[in-house]
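Colleague: structure, please.
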Amino acid sequence: MDGQYTMDRKTLPHVTSAGDPIPILIREARPEDAPALISYFRRLFGEPGINLITEVDEFSPTVEAESRFIREMARASNSIFLVAELDNHIIGQLTLEGGKRRNVKHAAVLGITVAREWRGSGIGHRLLAESIRWARGSGVISRIELHVFVRNERAVRLYQEFGFVIEGRRRKAVIRDGEHLDDWVMGLLL
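Modeller: Residues are numbered from 1 along each chain as shown. The predicted structure follows:
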């Protein structure tokens, strides 16, 4: 598919105060999204208690570097970078980054985030569903893997709902907010 993947506009079961559906667009990231993605990630990484390994002061890509990463993901037959967008604002993102070497090209590492105010709204579910659908149709990906903090029970339940299984526990794998945290290694075979 080599980055030619596109999706149609869909709506979440959310409604406005007037009862109208809120249109959320799930689409492939574009190089011109780089400034908005950098801003989005900086907000996330700065949240107290966030279940991510990157600290805000460690994240300082240039717009050029982020644009290049997006282009590389779009060119790869075993990778995709999705964003969830509402009114031209990024409110979630997902990456499936396939292995670079021939012997692991079939395996993709998943990373997903949703903006704080949209967590629990179904956006993560939609991003995950679209990425798995894409992976199954890629003709390349047969395994998706991820790491998730053990304490992130909501995310673990979501992954299990899609068939991911816990393959192992990494004890004290991460230090976040001064605390040693374990994470799960989870995998999905397609």
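
Colleague: buried ones in stretch 114-133?
Modeller: Judged by neighbour count using 16 or more other CB atoms under 10 Å, the buried positions of stretch 114-133 are 114-115, 118, 121, 123-124, 126-128, 130-132. C-beta: built from backbone N, CA, C; applies to glycine.

Colleague: ok, and what's touching that stretch?
Modeller: Stretch 114-133 has contacts (CB atoms under 8 Å, 6 or more residues apart in numbering) with 7, 10, 12-14, 24, 26, 40, 43-44, 47, 80, 82, 84, 90-94, 96, 110, 112, 144, 154-155, 158-159, 161-162, 188, 190.

Colleague: now do the helix or strand in which residue 132 is found, average pLDDT.
Modeller: Following DSSP states H and E, one finds residue 132 within helix 123-138. Taken as a whole, helix 123-138 has a mean pLDDT of 97.

Colleague: still on that earlier bit, pull out the buried residues from the contacts of stretch 114-133.
Modeller: Using 16+ other CB under 10 Å, the buried ones in the contacts of stretch 114-133 are 12, 24, 26, 40, 44, 80, 82, 84, 90-94, 96, 110, 112, 144, 155, 158-159, 188.

Colleague: doesn't residue 140 make contact with residue 105?
Modeller: Yes - if you go by CB atoms under 8 Å, residue 105 and residue 140 touch, sitting 6.4 Å apart.

Colleague: next, show the common contact partners of these two.
Modeller: 78, 98.

Colleague: quick check: the gap between the nearest residue in space to residue 150 that is not next to it in sequence and residue 175.
Modeller: Spatial nearest neighbour of residue 150, excluding adjacent residues (CB to CB, 6 or more residues apart in numbering): residue 182 at 4.5 Å. According to CB to CB, to the nearest Å, residue 182 stands 11 Å off from residue 175.

Colleague: give me the more crowded residue out of the two.
Modeller: Ranked by neighbour count (other CB atoms under 10 Å), residue 182 and residue 175 place residue 182 first, with 13 against 10.

Colleague: just checking, the more buried one is part of a helix?
Modeller: No - under DSSP: H, G, I helix; E, B strand; the rest coil, residue 182 sits outside any helix and is assigned strand.

Colleague: contacts only, for it.
Modeller: With contact set as CB under 8 Å, 6+ apart, residue 182 has these partners: 149-150, 169-173.

Colleague: among those residues, which one has the most neighbours?
Modeller: Neighbour counts for those (other CB under 10 Å) peak at residue 149, which has 19 neighbours.

Colleague: my guess is it contacts residue 177, does it?
Modeller: No - judged on CB under 8 Å, residue 149 makes no contact with residue 177 at a distance of 11.4 Å.

Colleague: for this structure, just list every one of the helices.
Modeller: Taking DSSP state H, the helices of the chain run over residues 34-45, 63-75, 123-138, 153-161.
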